[in-house]
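Novice: Here is my input; please provide its structure:
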Amino acid sequence: MPHLEKTIALLPVFEPGPHLSELVTALLTEVLRPAQVVVVDDGSGSAADARLAEIAALGCTVLRLAVNRGKGVALKTGFRHIRSRYPGFAVVCADGDGQHSVADIRAVAERGGPGRIVLGVRRFDRMPPRSRLGNTVTQAVFRAATGRTVTDTQTGLRAYPADLLGRLCAVPGERFEYEMNVLLHAATTGHPIDEVPIPATYLNGNTGSHFSGLADSARIYVPLLRHALLSALT
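Specialist: Got it, this is the predicted structure:
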């Protein structure tokens, strides 16, 4: 696919399971070349050695953080590597836990282009009740704070243009709050945000997720509520 010749798939992982190998193999079979896949391991330790060695043996780039520092740090590590090693390449970020299929990743990446962020947004009626409630509340607060409507603020499937990577590296946040901060930055700067509907896939009750309930929810809502407060005051 010519449009994706200058696109890198960035997969941040922590304690990766078999779905990572399946996803990477499918990407290489159907969409991308090995050099177009970058995996950033967020401090999984020696338990992940065999699986990550398997990914590296396919010809993909595997970057490893010595300790767990959070998804935001993993993403920014990948962005810096891609800016340096593959200047001018766009990036499509996806979760490696089986939530995103190759078809989803391809659809989001194909919609991308210069100056455009693209989100793979899940259907709320396919989400577990707790996830549906959290996303509905977050969507409403985000709209009140920014005046912009983003259907799925928590999606990890996102495409970013090459010209935005430098600014993404400067957006604050180390863990799950980073992705919210990216959306707030885009809303504040008037950056276009497009959406592509994707299925909501939760394997084994979403047990593969490393989102830690109240702690990570607080990290997401603090910058959002701060932005809302500042907007109200100004």
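Novice: Just give the nearest non-adjacent residue to the residue positioned nearest the centre of the chain, would you?
Specialist: Nearest residue to the geometric centre of the chain (CA atoms, centre = their mean): G156, 3.4 Å. Using CB to CB, 6 or more residues apart in numbering and skipping the chain neighbours, the partner closest in space to G156 is D95 (4.4 Å). Yep, even glycine has a C-beta here, placed from its N, CA and C like the rest.
Novice: And Y178, by the same measure?
Specialist: Sequence neighbours aside, G72 is the residue nearest to Y178 in space, at 2.7 Å (criterion: CB to CB, 6+ apart).
Novice: Next, work out how far apart the one you found and L157 are.
Specialist: G72 is 16 Å from L157, where distance means CB to CB, to the nearest Å.
Novice: just to revisit the earlier point, residues in contact with the residue nearest to G156?
Specialist: Contact analysis of D95 by CB atoms under 8 Å, 6 or more residues apart in numbering lists 11-12, 156-157.
Novice: Show me where the chain dips below the pLDDT cut-off.
Specialist: 1-3, 124-133, 202-217, 228, 231-234 (pLDDT under 70).
Novice: Now with 90, please.
Specialist: 1-4, 97-99, 112-115, 122-142, 144-145, 154, 176, 199-234 (pLDDT under 90).
Novice: hey, where'd the strands end up in it?
Specialist: With DSSP state E as the criterion, the chain has strands at 7-13, 37-42, 61-65, 90-93, 117-122, 158-160, 193-198.
Novice: Of these, which is nearest T149?
Specialist: Evaluated with CB to CB, the strands of the chain place strand 193-198 nearest to T149, the distance being 9.2 Å.
Novice: which residues sit against the closest one?
Specialist: 100, 104, 107-108, 111, 116-123, 148, 150-152, 157, 183, 186-187.
Novice: What sits closest to V31 if chain neighbours are left out?
Specialist: R106 (5.4 Å).
Novice: What ranges does this structure have for its helices?
Specialist: 18-30, 49-57, 71-85, 102-111, 129-146, 165-170, 177-189, 213-233 (DSSP state H).
Novice: Separate out the buried members of the contacts of strand 193-198.
Specialist: Buried subset of those (neighbour count, 16 or more other CB atoms under 10 Å): 100, 104, 107-108, 111, 116-122, 150-152, 157, 183, 186-187.
Novice: can you name the two of the contacts of D95 that are farthest apart?
Specialist: P12 and L157 (11.9 Å).
Novice: Between these two, which contacts overlap?
Specialist: With CB under 8 Å, 6+ apart, P12 and L157 have common neighbours 93, 95.
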